Structures are given as C-alpha cells and as structure tokens.
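> Make a model of this:
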Amino acid sequence: MSEKKERTYVIVIVLLLIIIVAFGIYILFMNEKTKTSNKNKESEEQEVTKTDDDAKDNTVKSQDNNENSIDNQDEIKELNLNNCLNGKTGVVYKNPTDVSVNLGLSMAINNDKKSITLNINWNEFGKYSGESTWSPETKSYQITGFNKEVSSVFIGGMGQDAKSTTLFYIMSDKTVEYTPVFFRQENDYAINYTLEYSEDGSVTGEHFETKGQLAGVANVVKLYNIDAHQEYSSGWRTTIAATKDGSFYDLGNIIIK
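Residues are numbered from 1 along each chain as shown. Okay, here's the model as predicted:
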C-alpha cells in the first residue's frame with residue numbers, strides 16, 4: 001500500500017513538472033512571438049516614416065526647384081546708372097527712386113486693363129495747374145486710348161518744374177506709353193485735357209488720353225524718377241525706364257526735345 005502511494009506521488013510530481021515545463025515553453029514562445037511582432041511593426045513604422053520623410057524631401061526639393069526656376073525666369077539685375085541706352089555725353093545720373101511724383105495726383109488701372117482712373121486732388125494740385133481758381137476737392141478723370149493692356153502706372157517728374165510732369169504706363173508687351181499732364185499754350189501751360197462735347201458743341205467734361213508709345217523703348221520692367229546733371233550745370237529731374245539687364249532709357253531725352 002505504501003509503494004502504491006509513492007508511485008502515485010511520483011506520477012503526480014512528473015505530471016506537474018511536465019505541465020510546468022510546457023507552460024514555461026508556451027510563455028517563452030508567446031514572448032518570442034510578441035517580440036517578433038513588435039520588431040515587424042517597428043520596421044513597418046520606420047519604413048512608413050522614411051517614405052513620408054522622402055516624400056517631404058521630394059516636395060521641398062520640387063518647391064525649391066520651382067522657386068529657382070521662377071527666380072531665374074524673372075531675375076532683374078541691379079540698376080546700372082552707367083548704362084544709359086540713349087544717354088547724352090557727360091550726363092551723370094544719381095538718386096533713383098521708384099516713388100511717383102506727388103502733386104496731388106494718383107492713378108489706378110481699371111478692371112478692363114485698357115483704361116485708367118486719374119484722381120486729382122485739387123487742393124494740392126491747384127497751385128501747379130496754372131488755373132486762376134479751382135474747387136478744393138478731389139475729382140476723377142479717365143485716361144483712355146490704349147490698344148494694349150496696361151501693366152503698371154507711374155507719375156514722372158522731368159525738367160526743373162512741375163509743368164513737365166508726365167504720366168507713364170508700362171504696357172503688357174513691356175513698351176512704355178505716356179501722357180504729359182500739361183501742354184504749352186502760347187507763352188503759358190495748360191492742363192492737357194481732351195475735352196468732351198455734346199451734340200450742340202458745348203463742353204460736357206474732360207478726360208485724358210495716351211499720346212502713344214515712346215519710340216525705341218522696349219523690354220521695360222520698372223520706372224524711376226532720378227536726378228541728372230552735367231558738369232557745371234545745376235541739374236534736372238528725369239524719368240528712366242529700366243530693363244531686365246540693369247540698363248535704362250532716359251525718357252526725358254525722348255519727350256523733351
């Protein structure tokens with residue numbers, strides 16, 4: 001009877017050992033499986049991250065290339081004041097500014113791109129106008145006569161007084177058109193209106209018109225007002241039209257003969 005009990009104990013112990021070993025093997029197997037799964041997951045996440053990073057890098061590079069191509073396409077060299085394309089001997093240019101002359105005038109291109117609204121603040125402009133009386137108000141006038149679209153506008157100062165003030169327009173083909181604000185009338189100057197008439201011949205209003213394209217001026221990207229002088233002269237103001245390569249035209253040499 002004692003031997004039978006001992007044998008039973010041995011069998012139980014062996015079974016318990018088998019169960020413990022089996023359970024240990026199962027735990028080791030599950031741990032290894034979990035580690036492998038985690039490694040695969042991390043590898044996939046790293047691959048996705050790398051792919052996303054590569055995509056971002058490619059996007060940045062693509063944007064950079066596009067920006068470079070735009071910069072290269074529209075690159076404008078610095079204005080070279082020693083490279084006037086229609087200059088006169090001995091003339092020196094200095095102090096360029098891309099700010100329009102301020103005489104109470106301002107311009108805005110209309111939505112059709114082929115007409116412009118000119119605003120005249122008579123409270124400021126009146127003293128330059130030559131008019132004996134004026135109403136201190138701002139009035140709007142149309143500038144018409146364009147056959148091409150207008151890209152930008154500029155008010156230029158030329159000569160030594162306000163009577164040479166000129167409205168300039170860079171056109172869509174990079175030529176320049178213009179309108180003198182004043183014209184010479186006998187021994188004085190008058191405003192360069194184009195009068196509007198009714199059927200009975202009475203004046204009903206005024207507007208301005210472009211006087212057309214400045215001959216020989218092309219590939220213009222920007223306009224400047226600038227000081228000019230020759231040796232031993234007091235100097236004058238003029239407007240220049242800069243091209244993409246930094247050279248420029250002196251527009252005063254074309255308009256003021």
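> how about low-confidence regions in the stretch 151-257 of the chain?
Applying pLDDT under 70 to the stretch 151-257 of the chain picks out residues 257.
> Okay, domains of the protein per the record?
According to automatic domain parsing, the chain comprises the domains 1-75, 92-255.
> now the end-to-end length of the last one.
Using CA to CA, to the nearest Å, one end of domain 92-255 lies 19 Å from the other.
> try stretch 175-190
One end of stretch 175-190 to the other measures 27 Å (CA to CA).
> buried residues in it?
Residues of stretch 175-190 classed as buried under the neighbour-count rule (16 or more other CB atoms under 10 Å) are 175-182, 189. Using the backbone N, CA and C atoms, a C-beta is placed for each residue, glycine as well.
> cool, and stretch 244-257?
Buried residues in stretch 244-257, defined by neighbour count with 16+ other CB under 10 Å: 247-255.
> Excluding its own residues, what touches the host helix or strand of residue 208? List them.
Remark: residue 208 resides in strand 203-209, with elements defined by DSSP states H and E. With CB atoms under 8 Å, 6 or more residues apart in numbering as the contact definition, strand 203-209 has outside contacts at 118, 141-145, 167, 179, 192-198.
> one more time with 7 Å
Here strand 203-209 makes contact (CB atoms under 7 Å, 6 or more residues apart in numbering) with 118, 141-145, 179, 192-198.
> Show me the helices in this protein, by range?
Listed in chain order, the helices of the chain (DSSP state H) span 2-74, 122-129, 252-255.
> Need the buried ones from the contacts of strand 203-209 selected in PyMOL.
The following PyMOL line selects those of the contacts of strand 203-209 that are buried, judged by 16+ other CB under 10 Å:
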select buried, resi 118+141+142+143+145+179+192
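> from the contacts of strand 203-209, which ones fall inside strands?
Judged by DSSP state E, the contacts of strand 203-209 include 118, 141-144, 179, 194-197 as members of strands.
> between the residues you listed, which is closest to residue 243?
Closest approach between the ones in strands among the contacts of strand 203-209 and residue 243, by CB to CB: residue 179, at 22.1 Å.
> Save the domains of the chain as TSV, and put in distance to residue 85 too.
Output for the domains of the chain, formatted as TSV (distance: least, CB to CB, whole Å):
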stretch	distance to residue 85
domain 1-75	19
domain 92-255	5
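> Comparing these, which comes out most buried?
Sort those by mean neighbour count, taking mean count of other CB atoms under 10 Å, and domain 92-255 sits at the top with a mean of 16.
> chain center to that one: distance?
How far domain 92-255 lies from its chain's middle: 23 Å, per CA atoms, centre = their mean, to the nearest Å.
> farthest pair in the buried residues of stretch 175-190?
Spatial extent of the buried residues of stretch 175-190 (CB to CB) is set by the pair 175 and 189 at 27.0 Å.
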